[in-house]
Structure formats: C-alpha cells, structure tokens
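A.B. asks: sharing a model that was predicted from the sequence below.
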Amino acid sequence: MKKTKVYTTIVHLLLVLMALSCLIPLMMVLSVSFSRQSDVLTYGYRLIPMHFDVTAYKILFKNTGPVLKAYGVTAYYAVVNTVLSLLICSMAGYAMSRSNFKMRKFFNYFFLLTMLIGGGTIPSYILKSKYLGLSNNLLLYAVNALVAAYTIFVFRTFFAQIPTSLIEAATIDGAKERQIFVKVIFPMSVPVFASMGFTMLIEKWNDYIVPLYYMTNKNYYTIQYYLQLVLNDLNFIKQSLRLSGAQTLATDDMPLEILKFSLCVVGALPALIAFPFFQKYFSKGMVLGSVKG
Amino acid sequence: MRCFSPLQTKKTKSGGFSRQLPYLFLVLPAFIYEIIFWLLPLGGVVIAFKDFNYRDGIFGSPWVGFKYFDYFFTSQDAVRTIRNTILYSVWFHVVGIIAGVFLAILLYEVSNRKLLRVYHTTLLAPYFISWVVVAYVFNILLGYSYGVLNQMITACGGTAVQWYSEPAYWPVILTIAALWKNIGMGCVFYYANLMSLDENLFEAAAIDGAGRIRQWIHIGIPSLIPLICILTIMKMGSIMGGDFGLFYQVSMNNGALYPATDILSTYIYRGLVSGGLSATAAVGLFQSVVGFIMVVLSNSVVKRLDPDSAMF
C-alpha cells in the first residue's frame, strides 16, 4: 500500500467536490422555497435566501387539501401495491424454489418469457382502460405491475439457499406448505423482503407514470404527478388551491414561483429522509439482482 | 438428490397430484396475473395491423396489414427517434462506466468507514428523487429569467440563453442529468467487485515500485474488465429502451427540443395521447421485437464468455 499524503488528499477533495455537486442543487430547491418572491424575481434563484421567508409554507399549511389528497393517494399506492406484490411474488418464488415441485421448469420458462417479450405500452393501455375499466379508478394503483419475473427470481434464488433439512423437519412435524412458508421461510428471509419492499416503496412514491396515462380525475393524482403539473403550468397551483376552498386567499398575491419549490420539497422529502436508514438494503438488492431465470 | 430422501418417495407414491397442489396454489396468483396483464396485451399487438377504434374494439376493427409500419418507417420521426434512442443508450452506458469506475476507485481509497458512508449517502441522494424533482432542479439551473446558469453568463457580460428551446445543448444537459441521478447507484457494482479483489496484488505491485495510480492502471482497472464486458453485453439487450423520465420530464416535454430529446418511449407516449393507437402500437411492436432479438443475442454471447452471468 503506497499512498502518499498528496494522493489521499486529492481523493478526498474529488469526493467532496462530487458530493457537493449532488447536494448543492438539492439545497437550492430548499433555499428557493424559503426565499421571498420579490428577491427571486429581481435577482434569480440563489443558494442562500436573501431574506428568509416562510410565506409559501404558511399558504401550504393553511390549504393542505390538494397536497394531503395527493399524499394519501401516493401512500395508498405505495403501501398496498408493495404488500400485494411482495406477497404474490414471494409465494411464486417459494414454490419455484422447491425441488419437488414438478412444474417448476414450466413456470420458470413462463416467467422468463414475460421478462423477455411484451406487447408494449399500447395494448396494455387498451386492456386496462377499455376492457378492465381501470382508468380513473383507484383500484389500478393496487393492481398495477404487481408481478415482475425479476422479483420472483430474486425470491426463488434466496429461498433455494435455505437448507432443505429445515423444511423437511417442519414437514415431519406435520406442517403444511403454507405454514412452512409463513413460519419457517418468512422469518429467515426478512432481509430480502426488506430489500425488495423498500425499493418498491420508493419506486411507487416517485411514480408519476400511472396517473399520467390513466388518471384525469384530480382526486386521484399522485404527489409526483401533481408536481409535474405544477412545474409545467404555475396556474395549476392557483386552480387546485381554489378548488379546495381557499377562496378567502387573495390568489393574485400568491408567491407562485416560491410555492412551486416548496411543493417540490414537500414531494421529495419523505423519500430523501427515509433512504439513508434503508441504504444497506438497497445495495444488498443490487447485489441480489444478479439472478438467473 | 431426490432419490435419497425417504419422504420424497413416500410422497410420490401416495398420489403425486395432491402433493403438488399446495405449490400450484402458491404460484397460481402470479400466473393468473401474468395471463391477464402480460399475455392478453401480447395478443393485443394485432392492433398494430388493424385500424383500431374504441367502438369496434380489438376484434371488430378492420385489418390494414403493414400500413402503419410503412407510415412510421417512411416518416422523419423514425430516423430521429431510432437514432436518438440507440445513440443515447450507448453513450450513457459508456459515460456511466467511466464515471462509475472512477467513483468506485475513489470510494475504495477511503479507509474511514464513517466518512465512506457519508460520501456514498450524499452521492446516492439524487437516485431517490423522482425525475419530476430532477426537472425542478434543472429548472433552477436552466430557467431563462431566474436560472443560475444565465445569472452566471450575464454576470460575465454574456447574453442569457434560452436553454429550453435550443436542442443543441440538450445532449450535454441530458448526459449530466443522467449521471447526476444515477452515479451513486452505478458505482455500487464496481465497488463491490473491487472489494472482492485480493489486496496482496496491490502490495506486490507496490513492492515492484509502482505508485498508486500505476497500481490502478495495471491491476485495479483490468480486474474490472470482465464485469464491464458482461454489463455491456447485457446493456445491448435494452438498447431500444431509454429512461422515459429523463427525456420527458427534464426537457419538460418541450416540442422545440424533440430533435435532441425524442426517443421511442416518449414518441409512443405522445402517440397515445394524440389517439393514434394503431400507429403507435406498430412502433411499440417494433421496439419489443428488436428488444427481444437483442436480449437473446446478448444472452447467448454472455453464455459463451461467462456462463455464470447468463440470464437464461
């Protein structure tokens, strides 16, 4: 190991620079959201607010309607979809990990095929919107993209490593496959459930595609889709606040430019706060990702 | 293995099917789900050869053969979207490797565990925000009136640039956005690979008088080449894809930027919005078929080079 002091210093310097370039743009969103609108309109976005101002957040907290609704829809989407997906995929993964399941080859090929080829966006759009009636339907959030071959294979690979002697011992004790799955396999597999689960939760929290394609009803927007509409049209803030009963507000005086970024903070914050706690699971998920069909 | 288990033989003797039933029940929900949400749409690709309208549905709409394929491939859009899709896929992959390996090396050199975690957590933060929030971030940088870049340009005496209506800048902007969001996760593979490298190799080179940078050039980086090869061949399988969020959100779906920001996925989305379902389904089918061929090809190459990394 020949590392000179200069070398180590340069390494840290480069890392600090890279870390700052990740952090500063995010800090700027935060800082603009705490700025005074007149400052931004005159001097532009600044890293440090010229005057610290919480007007935008005050307005948001007085009119929590639209944001809370979007939060609720997103939370429902993330939780229900993740739980159902984990359940269905892990069950299939368990069956396919058992060597005395005779049809495992067939199902292996079947799920592999679903990974390799698909009908594309349009046929599945027509199916969901015309034939299943899932447009503007909250049920879509619960059932959208529940099964992924990749997830099944991760579970299968993990379960296959569990010693069969454990399962056989449970069988001798008279346990049914369902009981084995719940009482033997699940407690041993908490890390893989956590890793897949957190990844899915964050994915759903950050999703704007489902409402973009399927939802026109304002009550069914996810928070990220709401943010997209705000970014593309500032007046959308006015409309949605007014609809939620903020007539008393002098909407013409609203600091829209600042409100926009305070909404962005509110939408991005939960995932940003949560991920450091689950970080180890995410890297684990990446490594688990090298599985075979 | 199976014949050594006494339990096993007993099971198969006493009615094979009833022993299989519990497994079938476990796998059935996923199977039925895929029959509905995968197989049905797969059959639905026939609408690419029909003139689909909602009133007649998939079965009632009239056949038109390859009309919509001709229509797409003879249009200007085909050249533009296919070119953009492929070039961006390849380019992001190359840049991603260089940046990912570089960052993995830097992180490898950090011996303080706490500091390492702080660095990596910070670098990962952009990975956990949505593309919509990334679009906000880039709005702060690129906004015409209040944006940071234009503030800098005018402070230096230049004239402000209309970033959102000038396609020429966008290959660079999109590259930065893709790197910024994904590099924290992108380096994980290389870092894990370096961690499994035998440190004695470095020390042997050090004894031979190689400095740290030369050790990296001759030992560290070459040790990553097999991984890079595998990742590259796998990438070929998804060459026709592309991150919808990057191209759609960061450019704010700005029509003036399409020459530089339009890829197959965004084109298909717009086709859906404009209601040309059959025409768009034809583009989607083309994308799926090419994707399928590329996956099978890349997998057979991987299988030959490194059977353990092959997907199937």
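C.D. replies: Looks like it arrived, so ask away.
A.B. asks: how many neighbouring residues does the residue of the stretch 101-250 of chain B found nearest chain A have?
C.D. replies: Across the stretch 101-250 of chain B, the shortest distance to chain A (C-beta to the nearest C-beta) belongs to B:S130, at 3.5 Å. In short, each C-beta sits where N, CA and C put it, glycine included. Residues near B:S130, counting by other C-beta atoms under 10 Å in any protein chain shown, number 27.
A.B. asks: contacting residues around it?
C.D. replies: A:W205, A:N206, A:D207, A:Y208, A:Q224, A:L227, A:G267, A:A268, A:A271, B:G245 (C-beta atoms under 8 Å, 6 or more residues apart in numbering or on different chains).
A.B. asks: return the distance of stretch A:131-147 from the chain's centre.
C.D. replies: 17 Å (C-alpha atoms, centre = their mean, to the nearest Å).
A.B. asks: quick check, that stretch touching chain B?
C.D. replies: Yes. Stretch A:131-147 lies within reach of chain B by C-beta under 8 Å from any C-beta of the partner chain, at A:A145, A:L146, A:V147.
A.B. asks: how near is the residue nearest to B:I86 when sequence neighbours are not counted to B:S298?
C.D. replies: Distances taken as C-beta to C-beta, 6 or more residues apart in numbering or on different chains place B:I239 nearest to B:I86, at 5.9 Å, with adjacent residues excluded. Per C-beta to C-beta, to the nearest Å, B:I239 is found 9 Å from B:S298.
A.B. asks: give the buried residues for the host helix or strand of A:A56.
C.D. replies: Secondary structure assignment for A:A56, by DSSP states H and E: helix A:55-62. By neighbour count with 16 or more other C-beta atoms under 10 Å in any protein chain shown, helix A:55-62 contains the buried residues A:T55, A:A56, A:Y57, A:I59, A:L60.
A.B. asks: please save the CA atoms from that helix in CSV.
C.D. replies: Extracted as CSV, the C-alpha positions of helix A:55-62 are listed here (Å, rounded to 0.1, in the frame of the first residue of the first chain):
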residue,chain,number,x,y,z
THR,A,55,-44.9,32.6,3.3
ALA,A,56,-45.1,29.7,0.8
TYR,A,57,-45.2,27.1,3.6
LYS,A,58,-47.7,29.1,5.5
ILE,A,59,-50.0,29.0,2.5
LEU,A,60,-49.4,25.3,2.0
PHE,A,61,-50.2,24.5,5.7
LYS,A,62,-53.4,26.7,5.6
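A.B. asks: please compute how far the helix or strand encompassing A:L263 lies from its chain's middle.
C.D. replies: According to DSSP H and E, A:L263 maps onto helix A:256-288. Distance, stretch centre to chain centre, for helix A:256-288: 9 Å (C-alpha atoms, centre = their mean).
A.B. asks: now stretch B:60-78
C.D. replies: The answer for stretch B:60-78 is 27 Å, by C-alpha atoms, centre = their mean.
A.B. asks: buried set for it?
C.D. replies: B:S61, B:V64, B:K67, B:Y68, B:F69, B:Y71, B:F72, B:D77, B:A78.
A.B. asks: quick check: the gap between the second one and chain A.
C.D. replies: What it means is B:V64. 15 Å (C-beta to the nearest C-beta, to the nearest Å).
A.B. asks: tell me the contacts of that residue?
C.D. replies: B:F49, B:K50, B:D51, B:S278.
A.B. asks: run the angle between the helix holding A:A56 and helix A:256-288 for me.
C.D. replies: 80 degrees (axes from the mean of the first three to the mean of the last three C-alpha atoms, to 10 degrees).
A.B. asks: what's helix A:55-62 in contact with?
C.D. replies: A:33-34, A:36-37, A:67, A:241, A:246, A:249, A:254-255, A:258-259, A:261-263, A:266.
A.B. asks: after it, heading C-terminal, what element do we hit next?
C.D. replies: helix A:65-97.
A.B. asks: quick one: average confidence on that next one?
C.D. replies: Helix A:65-97 carries an average pLDDT of 94.
A.B. asks: equivalent analysis for stretch A:166-173, please.
C.D. replies: Mean predicted confidence for stretch A:166-173 is 86.
A.B. asks: so where does the spatially closest residue to A:A274 that is not a sequence neighbour fall, helix or strand?
C.D. replies: Distances taken as C-beta to C-beta, 6+ apart place A:I202 nearest to A:A274, at 7.5 Å, with adjacent residues excluded. Using DSSP H and E, A:I202 maps to helix A:190-205.
A.B. asks: so which residues make contact with that helix?
C.D. replies: So helix A:190-205 is in contact with A:74, A:77-79, A:81-82, A:85-86, A:89-90, A:151, A:154-155, A:158, A:186, A:223-224, A:270-271, A:274-275, A:278, A:281-282, A:284-285, A:288, B:128, B:130, going by C-beta under 8 Å, 6+ apart.
A.B. asks: ok, now which ones touch the residue of the stretch 201-312 of chain B found nearest chain A?
C.D. replies: Among all residues of the stretch 201-312 of chain B, B:G284 sits closest to chain A, at 3.0 Å; criterion: C-beta to the nearest C-beta. Counting by C-beta under 8 Å, 6+ apart, B:G284 makes contact with A:G119, A:G120, A:T121, A:I122, A:P123, B:V45, B:A48, B:I268.
A.B. asks: am I right that it sits in a helix?
C.D. replies: Yes. Checked against DSSP: H, G, I helix; E, B strand; the rest coil, B:G284 lies within a helix.
A.B. asks: what helices or strands is the lowest-mean-pLDDT helix or strand in chain A leaning on?
C.D. replies: The least trusted helix or strand in chain A, going by mean pLDDT, DSSP states H and E, turns out to be helix A:235-243, with a mean of 77. Where contact means 3 or more C-beta pairs under 8 Å, 6 or more residues apart in numbering or on different chains; DSSP states H and E, helix A:235-243 is packed against helix A:65-97, helix A:223-232, helix A:256-288.
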